[in-house]
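K.L.:
Have a look at this prediction, sequence included:
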Amino acid sequence: MELLLVVISVLALVSLVFIVTHLRPLTEDEVRLLANKRRKKQIRMYFSFDGREFNVNKEFKRKMNPDGVFYQLNESLYEFPSLAAGLLKYKKHEWIIIAFERGKRVFLAWVNKGPSRESVSSYLSAEEIAVVAKEKDATSVLCFHNHPNPAPGYLDCTRRSEQDIETARVRSSVLNERGINLVSFVCERGRHYEYSRSPANAFLPLAEFIEAINRVNDQSKLGNLSLHIERIF
């Protein structure tokens, strides 16, 4: 019992010290840190995806043009990765799907087939993808490709390759420069695995979060404390 009282007393003292030392307004650096934290949270919420495996339109899947073609769509951003993974499920060659998103709706997608089980590349270059995205006023580009698995019981084909990483780096550099986000996925056996997310600076700009925090910073001691708690925890 005495030990419990000691523990409670220590915790109360620590809490009191924390409160007293965090009634001050946030510094400029602390405002930026909190703004970054809020922005990252909003980005995670925007790019939140359904993890379920979806059944897809078999006729559409069968008729996907291997030579590369655009398809007009109207699909939920939340569900689209599962739909893309479903379209690529059981494909014996690698395929790629490049989807264009605006307002959390995927409205356009490019599809083409690769030459083999081991490789695929988009017939659209990074520059061409960026041109389409800008012309169509897309917010984001989502790239999917499958890894055919010849031995599902023994092999794990869900991991990104070095080439996947390099391709995502090149595309993100071109797209981000134009204010467009890029999210990249590997698909295997009907499931999607995100391996790269590169939001553009113009997307949910940090300056807006800084401005929102500055409007309430140093307005009251309790308000300051609340901002510190959010920043730290």
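P.N.:
That came through, no problem.
K.L.:
same question for the helix or strand where Leu182 lies, mean pLDDT?
P.N.:
Leu182 is part of strand 181-188 when elements are defined by DSSP states H and E. Average pLDDT, strand 181-188: 97.
K.L.:
low pLDDT regions in this structure?
P.N.:
The chain contains residues with pLDDT under 70 at 116-119, 153.
K.L.:
Mind jotting down where the helices sit in it?
P.N.:
Listed in chain order, the helices of the chain (DSSP state H) span 2-21, 28-46, 58-62, 80-88, 126-135, 162-177, 206-216, 221-232.
K.L.:
Look up how far His93 lies from Pro152.
P.N.:
For Pro152, the distance to His93 equals 17 Å [CB to CB, to the nearest Å]. Using the backbone N, CA and C atoms, a C-beta is placed for each residue, glycine as well.
K.L.:
do the same with Leu13
P.N.:
Note on Leu13: its distance to His93, by CB to CB, is 66 Å.
K.L.:
Compare the two (neighbour count), which wins?
P.N.:
Neighbours per residue (other CB atoms under 10 Å) separate Leu13 from His93, with His93 holding more: 15 against 10.
K.L.:
hang on, Gly179 packs against Pro205?
P.N.:
No: the pair Gly179 and Pro205 does not pass the contact test of CB atoms under 8 Å, sitting 9.9 Å apart.
K.L.:
ok now do Gly51, which residues does it touch?
P.N.:
82, 191 (CB atoms under 8 Å, 6 or more residues apart in numbering).
K.L.:
Phi, psi for it please.
P.N.:
phi -100, psi 0 (degrees, to the nearest 10).
K.L.:
for Ala202, same thing?
P.N.:
Torsion angles, degrees, to the nearest 10, at Ala202: phi -80, psi -10.
K.L.:
For Leu221, grab the count of nearby residues.
P.N.:
For residue 221 the amino acid is Lys, not Leu. 14.
K.L.:
Spell out which residues sit in contact with it, please.
P.N.:
Contacts of Lys221 (CB under 8 Å, 6+ apart): Leu23.
K.L.:
could you measure it against Thr158, distance?
P.N.:
Taken as CB to CB, the span from Lys221 to Thr158 is 50 Å.
K.L.:
Same check on Asp218?
P.N.:
Counting by CB to CB, the gap from Asp218 to Thr158 is 48 Å.
K.L.:
returning to what we had before: how about the helices of the chain in CSV, adding distance to Gly103?
P.N.:
Shown next, in CSV, are those (distance: least, CB to CB, whole Å):
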stretch, distance to Gly103
helix 2-21, 42
helix 28-46, 11
helix 58-62, 23
helix 80-88, 13
helix 126-135, 14
helix 162-177, 18
helix 206-216, 18
helix 221-232, 28
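K.L.:
most tightly surrounded among these?
P.N.:
helix 80-88 (a mean of 25; mean count of other CB atoms under 10 Å).
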